[in-house]
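1. Predicted model, plus sequence, below.
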Amino acid sequence: MFVSNKYRTGAIEILKRMGGKIIIENIKTSSFETTGDFTAKSSSLAGIEIPNNKISDAIDEFPIIFIARPMQRE
């Protein structure tokens, strides 16, 4: 399940910018929260510079990005 909270989706957006194949489907709003299903497929990631204005959107998920970093293509 995917919850659309800008402080919880920042890592998804960053990984997509790196080339991650992430698909979000079945998006619904219930009790003021947007939810859906996401699928991530094996992807070749590219290093990117993360804009300063995106850091706060992903601060709690940076460990996920740090794990993905060594998997990027050169």
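-> That came through, no problem.

2. Point to the residue nearest the middle of this protein.
-> A centroid search over the chain (C-alpha atoms, centre = their mean) returns residue 12, at 0.7 Å, as the residue closest to the centre.

3. For that residue, identify the helix or strand it belongs to.
-> Of the helices and strands defined by DSSP states H and E, residue 12 is found in helix 10-17.

4. And the next helix or strand past that helix?
-> Helices and strands here follow DSSP H and E; after helix 10-17, the next one along the chain is strand 21-30.

5. any low-confidence regions in this protein?
-> For the chain, the stretches flagged by pLDDT under 70 are 1-7, 70-74.

6. Can you classify residue 36 as helix, strand or coil?
-> Classification of residue 36 by DSSP: H, G, I helix; E, B strand; the rest coil places it in strand.

7. Can you report how many residues lie near it?
-> Applying other C-beta atoms under 10 Å, we find 15 other residues in the vicinity of residue 36. Glycine gets a C-beta too; all of them are placed from N, C-alpha and C.

8. Residue most distant from the centroid, the protein?
-> Checked against the centre of the chain - C-alpha atoms, centre = their mean - the farthest residue is residue 31, lying 22.8 Å away.

9. quick one: that one from residue 39, how far?
-> Relative to residue 39, residue 31 is positioned 24 Å away (criterion: C-beta to C-beta, to the nearest Å).
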